[in-house]
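J.: Fold the following.
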Amino acid sequence: MRRRSIEMVTMVVGMVLVVAGGLFANYFFTKTGLAKHMDKWRRAIEEERRDAGFELMDWGLLRKTKGTMRSGATYAEELKPSDGQIINIIGFMVPLNQFRNVTEFLLLPLPIECYFCQRPPARDVLFVKMAEGERTNLFKEPVLMTGRFVLNPGKKVKYFYRIEDAYLGAGKKGG
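T.: Residues are numbered from 1 along each chain as shown. Predicted structure coming up:
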């Protein structure tokens, strides 16, 4: 009788481990697939806008930035001339405090559900401050932001870069 109980417990534990492993694998591959899908979506819109004559800041250029929030950023030489210039960039909006009538938010190359759970690298985060009198609601699809690009050098800065006096444009032609 005792041996049978041990076998039952072993079988149940084994089944739980198999189910848990399957759920973890499903979650991991779904998230990975979703990230690839969203990156592909943003890149397709970037290509469409470039074909329409827009000059866009490339996330690959921002990703050349090295450093941490504690140590500060070391910017790629080819990024430095953009400091203070008006740029266009396409990305996904992430809220800071609210979802409607916002004047500040984060812009990232990929969407995230929770900024605290899925913290992106500092080089992938743009702080956006809308132009005076401008407000927007948050969108789930990629958006085109136009504004003054500013580098935030120094140690212990919250964001490596920001966009000031920003305006929201249609990320997709006709959008």
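J.: What are the neighbouring residues in contact with Thr146?
T.: Applying C-beta atoms under 8 Å, 6 or more residues apart in numbering to Thr146 gives the contacts Ile86, Ile87, Asn88, Ala166, Tyr167, Gly169. Quick note: C-beta positions are derived from backbone N, CA and C, even for glycine.
J.: My read is that the first one contacts Arg148, right?
T.: Think Ile86. Yes. Here Ile86 reaches Arg148: they are 5.8 Å apart, a contact under C-beta atoms under 8 Å.
J.: The two: who's more crowded?
T.: Arg148 (17 against 13; other C-beta atoms under 10 Å).
J.: Partner strands of the host helix or strand of the more buried one and their direction?
T.: According to DSSP states H and E, Arg148 maps onto strand 143-151. Paired neighbours of strand 143-151 in the sheet (DSSP bridges): strand 86-95 (antiparallel), strand 161-169 (antiparallel).
J.: which residues are contacting the last one?
T.: Judged by C-beta under 8 Å, 6+ apart, the contacts made with strand 161-169 from elsewhere in the structure are 62, 65, 73, 87-89, 107, 126-132, 134, 136, 143-152.
J.: what does the average pLDDT come to for that strand?
T.: Throughout strand 161-169, pLDDT has a mean value of 93.
J.: Return the distance of that strand from the chain's centre.
T.: Relative to its parent chain, strand 161-169 has a centroid offset of 15 Å by C-alpha atoms, centre = their mean, to the nearest Å.
J.: Return the set of buried residues in it.
T.: Tyr161, Arg162, Ile163, Ala166, Leu168 (16 or more other C-beta atoms under 10 Å).
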